[in-house]
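Enquirer: How does the following fold in three dimensions:
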Amino acid sequence: MLSLNENERAELWQKLAAEVENHFRQVEELPVAPKINVAEIRSRLAPLDFEKPLAPLAALDLTVKNLTEFQVHTTHPRYFGLFNHSFIKAARFCDLGTNGVREIETDESFRMSLDALAKQIKRDRADGFAPFFVVATAGTTNAGTIDNLAATAEIAARENLWFHVDAAWGGAAVFVPELKTALDKIERADSITFDAHKWLSVPMGAGIFLTRHAEILSRACRVATDYMPRDADDLGVTDPFVHSMQWSRRFIGLKVFLSLAVAGWSGYEETIRHQTAMGEFLRCELEKEECRKLYKELFDLSPNYKQNILEGIASGSITPALRQWHQRQQFELGKIIFKKHLTIQLIFRILSSVNY
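Expert: Okay, the predicted model is just below:
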C-alpha cells in the first residue's frame, strides 16, 4: 500500500526537490504569517475522502499548495520566531501549578533584579513555601537581555537552589570569542536549555537540555522492560530512551550534527558575528534624531495607540483582540511613513512581522 516502486519514488523526489527550490525563490514575496482563514482551510479539506486515497503526486501537490498559503514561513527573512512562557507550562505539567511560579521584577536594564530575587526567596520561606529552582535568562525574547549569571549563581548556591539558565537563543553567543564574555559563569548552571533551531538555524525542533548532573536524567526516566534493548552502559554510551521522557523518538541530534559538520565552528562564528553587527547597525540607526522624530510621528498619528498598549501590558490584559488591533495599527501607520527614510523601512519590516 505505502510501498512505492522505483519510478514512483523518483518522480516524487524530483517533484519535491523542485518545490523546495521554488519555495526558496519565492519565500521573500510571501507573507511571514498568512492570515488564518479556518473556513477556507476546511472547505479545501472537505472533499477529501480517506475511502478514496489520493495518488502520491496529488497528495504532494495538495500539501505544498496549502502550506504555501497558510503556514507560518519560518524560512522567511523577516521571521523572528514564536515564543512562550515555557516555565509556566512546565509548572502546570509538574502539578506545581501556575501559582508555584514567581516572576521576579527587573531592574532599569531589564535584567532580573537580584535584590528582588533574594527578597522573594526570603518571603516565600517565611510563608511556608520551599523555593528550589531559579531561572536566569541568557537572551530575553523581546530585548535580548542577559541576566547577571554570575550573581544569580551565587544566590542559588547560597540558598541551595537548582540554577537553570534559559539560553534558548542567546546561548549561541558562546560561538564568538568577543561575545562569549556576555555569558560569563554560565558554566555554573546546574542545567541549560539551548535551541539549535533558533540562532543556529537548524530545522525545528532541535531543543537541547544540558546538565552537569547527568545521573538525574537516568534516575528520573530509566524504566526496565523485557521488550526494550539491553542497557548500553557497558559500551560507554547512554541510550536516549533511558534519559528522556520519550521512548519512540526521532534522531533529532542528526540535524545539529550535520549543520555543524557543514558549517563548522568557524562558519557559525562568522554568521553570528555578522548578525550581531547588523543588530548594532540597526540600533545606531534607530537612535538617530531623524529616526526618533519619524518614529514619534508613527505614535502621534494615533493618540490612543501607545496608551492602549501600555495599559494592556500593565494590567496583564493583552487579549487576542488587543493584539490584533496592535498589529493592525503597526501595519497601517507604518505604511503611511514607509517611504520617508530607510530606517523607517527597517522599523516597518520588524513591526509588520511581529509574532505573538
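Enquirer: Show me how far the helix or strand hosting residue 254 is from its chain's centre.
Expert: Taking DSSP states H and E as the criterion, residue 254 maps to helix 252-286. Remark: helix 252-286 is offset 15 Å from the chain centroid, using Cα atoms, centre = their mean, to the nearest Å.
Enquirer: Could I get the buried residue list for it?
Expert: 252, 255-256, 259, 268-269, 271-272, 276, 285 (16 or more other Cβ atoms under 10 Å). Glycine gets a C-beta too; all of them are placed from N, C-alpha and C.
Enquirer: Tell me which two of those sit farthest apart.
Expert: Spatially, the most separated pair among those is 252 and 285, at 38.1 Å (Cβ to Cβ).
Enquirer: Next, the angle from the helix or strand harbouring residue 209 to helix 252-286.
Expert: Residue 209 is part of strand 207-211, with elements assigned from DSSP H and E. Using axes from the mean of the first three to the mean of the last three Cα atoms, to 10 degrees, the direction of strand 207-211 lies 100 degrees away from that of helix 252-286.
Enquirer: need the strands for the chain, in chain order.
Expert: For the chain, the strands defined by DSSP state E cover 133-137, 162-166, 191-195, 207-211.
Enquirer: Poorly predicted segments of the stretch 201-350 of the chain, please.
Expert: 227-238, 286, 289-350 (pLDDT under 70).
Enquirer: Verify the stated contact: residue 146 with residue 139.
Expert: Yes: if you go by Cβ atoms under 8 Å, residue 146 and residue 139 touch, sitting 6.1 Å apart.
Enquirer: Need the overlap of contacts for those two.
Expert: Taking Cβ atoms under 8 Å, 6 or more residues apart in numbering as the criterion, residue 146 and residue 139 both touch residue 170.
Enquirer: Quick check: residue 33 vs residue 69, distance?
Expert: To residue 69, residue 33 is 12 Å away according to Cβ to Cβ, to the nearest Å.
Enquirer: If you count surrounding residues, which of those two has more?
Expert: residue 33 (21 against 15; other Cβ atoms under 10 Å).
Enquirer: From residue 155, how far out is that one?
Expert: Taken as Cβ to Cβ, the span from residue 33 to residue 155 is 39 Å.
Enquirer: likewise residue 129?
Expert: Distance from residue 129 to residue 155, by Cβ to Cβ: 17 Å.
Enquirer: Who has more neighbours out of these two?
Expert: Just comparing residue 129 and residue 155: by other Cβ under 10 Å the higher neighbour count belongs to residue 155, 17 against 13.
Enquirer: Mind jotting down where the helices sit in the stretch 101-250 of the chain?
Expert: Under the criterion DSSP state H, counting those that start in this stretch, the stretch 101-250 of the chain contains helices at 114-126, 149-159, 177-180, 215-221.
Enquirer: Taking strand 133-137 as reference, get the angle to the first one.
Expert: Computed by the same axes, to 10 degrees, the angle separating helix 114-126 from strand 133-137 equals 160 degrees.
Enquirer: what comes into contact with helix 114-126?
Expert: With Cβ under 8 Å, 6+ apart, helix 114-126 has contacts from 102, 104-105, 130-131, 134, 148, 151-152, 155, 159, 161.
Enquirer: List the buried residues for that helix?
Expert: Those would be 114, 117, 120-121, for helix 114-126 by 16+ other Cβ under 10 Å.
Enquirer: how is the chain carved up into domains?
Expert: The chain breaks down by automatic domain parsing into domains covering 6-70, 86-213+250-258, 288-351.
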